[in-house]
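**Q** Need coordinates for the following:
(one chain, ligands or ions: 3)
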Amino acid sequence: MSSDKSPQSDLHGLDPAKLPAHVAVIMDGNGRWAQKRLLSRIKGHEKGSEAVRTVVRTCREIGIPHLTLYAFSTENWQRPRAEVEALMVLLKKFLVKERQDMMEKNIRLGTIGQTDRLPEDVREALLQTIDVTRGNTALQLTLALSYGSRNEICQAMRAIAADIDAGRLQAADIDEKLISGYLFTRHIPDPDLLIRTSGEMRISNFLLWQIAYSEIFITPTLWPDFGADEFVRILKDFQSRQRRFGQVA
Ligand code: IPE
Ligand code: IPE
Ligand code: MG
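**A** Numbering: from 1, shown residues only. Ligands and ions are numbered 1, 2, ... in the order given. Sure, this is the predicted structure:
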C-alpha cells in the first residue's frame with residue numbers, strides 16, 4: 001500500500017468537523033519584508049514563495065480540500081518591469097520545482113485569472129503542472145494569476161450576454177447560481193475563510209462575488225513571515241466564530 005498518497009492527517013488540535021472547505025489568502029507584504037531588511041523587493045518575493053510551500057503543506061496535512069492564493073493581480077502588471085519579470089521567473093520556478101511534490105502529496109493545481117497574459121514560458125510550465133496534477137484529489141490548489149475580480153465579472157457578463165444572444169439562455173434564467181457558474185471559480189466552493197497578511201484592511205479586487213459570506217482574518221504579519229503556527233491559530237479562531245449567514249443564532 002502506498003501511504004504517500006494519503007499521509008496521516010495532522011489536525012494540530014483543530015476540530016475536524018468544523019474545518020473550512022476553502023481557504024483563500026491575499027499574500028501581501030513581501031516588499032515591506034524586504035525593505036525592513038534593506039533588501040530588494042525581489043528578495044521579499046523569493047522569501048514569500050517559501051511561505052507558499054508552508055501554507056500548502058499545512059492545508060494538506062490538516063485536510064483542507066481547497067486553497068486559493070492571490071499571487072498576482074491584474075493591477076500588479078503596472079509595477080516596474082523588473083519586478084514583474086522577477087515575479088514571473090519565480091512563478092515559473094515554483095511551478096517546475098513543486099510539480100513532483102504536488103504529485104507525491106496528491107495536490108491538484110488550477111488557476112483563476114487572465115493566464116493568457118502570462119509570458120509564453122510561464123504559461124507552458126503552468127499548463128504542464130496543471131496537466132500532470134489533473135488526477136490528484138486531496139487538495140485543490142488554485143493560484144490567482146493576473147486575476148482581478150472585476151475583470152472576472154466582466155468576462156462572465158459578456159459570456160452570459162453572448163449566450164442570451166445565441167438563444168441558449170433567457171434573461172429570466174439569471175440567478176446567483178448561474179452567475180457563479182460563469183466565473184473562473186465555477187468548480188470551487190466559495191471561500192469559508194479569507195486571510196490577508198500585512199495588515200492592510202482591503203480586498204484589492206480579490207473574489208468580490210465569492211466572499212459574500214466568508215469569515216475574514218487580517219494579520220499584521222508580512223507574508224514571508226507567515227508560518228504554520230499562525231495559520232493554525234487563525235483556523236482555531238475561525239472554528240470559534242459563529243457563522244449566521246444573516247439568520248438568528
Ligand atoms: C505581495 O507583496 C506580493 C504581490 C502582490 C505580488 P507586495 O509586493 O505587495 O509587498 P508590499 O505590499 O509592497 O509590502
Ligand atoms: C494584492 O496585493 C495582490 C496580491 C497579493 C497578489 P497588492 O499589494 O497588489 O494590493 P494593494 O496595492 O495593497 O491594494
Ligand atoms: Mg502589497
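**Q** Please count neighbours and contacts with C-alpha atoms only from this point.
**A** Will do.
**Q** and the residue sitting furthest away from the middle of the chain, helix, strand or coil?
**A** In the chain, G167 marks the outermost C-alpha relative to the chain mean, sitting 34.6 Å out by C-alpha atoms, centre = their mean. Counting by DSSP: H, G, I helix; E, B strand; the rest coil, the backbone at G167 sits in coil.
**Q** Repeat that for T142.
**A** Per three-state DSSP, the secondary structure class of T142 is strand.
**Q** Touching, it and G110? I think so.
**A** Yes: between T142 and G110 there is a contact under C-alpha atoms under 8 Å: 4.6 Å.
**Q** Overlap of the contact sets of these two?
**A** Residues touching both T142 and G110 (C-alpha atoms under 8 Å, 6 or more residues apart in numbering): there are none.
**Q** got any ranges where the protein has weak pLDDT?
**A** Applying pLDDT under 70 to the chain flags residues 1-8.
**Q** Point out the residues in it that sit beside ligand 2.
**A** Within the chain, the residues that sit near ligand 2 (C-alpha under 6 Å from any ligand atom) are I26, M27, D28, Y70, A71, F72, S73, N76, S204.
**Q** Selecting buried members of those in ChimeraX, what would you type?
**A** Of the residues of the chain next to ligand 2, the buried ones can be selected in ChimeraX as follows, counting by 16 or more other C-alpha atoms under 10 Å:
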select :26,27,28,70,71,72,73
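**Q** Going by secondary structure, D131 is in what exactly?
**A** Using DSSP states H and E, D131 falls within helix 120-132.
**Q** ok, and what's touching that helix?
**A** Applying C-alpha under 8 Å, 6+ apart, the external contacts of helix 120-132 come out as 88-89, 91-92, 95-96, 99, 103, 108-110, 115-116.
**Q** can you give me the strands for this structure?
**A** For the chain, the strands defined by DSSP state E cover 22-26, 66-73, 107-112, 139-147, 193-196, 215-218.
**Q** Including distance to D131, could the ones you listed go into TSV?
**A** Compiled in TSV, the strands of the chain are given as follows (distance: least, C-alpha to C-alpha, whole Å):
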stretch	distance to D131
strand 22-26	22
strand 66-73	18
strand 107-112	8
strand 139-147	13
strand 193-196	27
strand 215-218	32
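**Q** Return the distance of the longest helix along the chain from the chain's centre.
**A** The longest helix of the chain (DSSP state H) is helix 41-62. Centroid separation for helix 41-62 versus its chain: 12 Å, with C-alpha atoms, centre = their mean, to the nearest Å.
**Q** Ok, stretch 151-166 next?
**A** A distance of 24 Å separates the centroid of the chain from that of stretch 151-166, by C-alpha atoms, centre = their mean.
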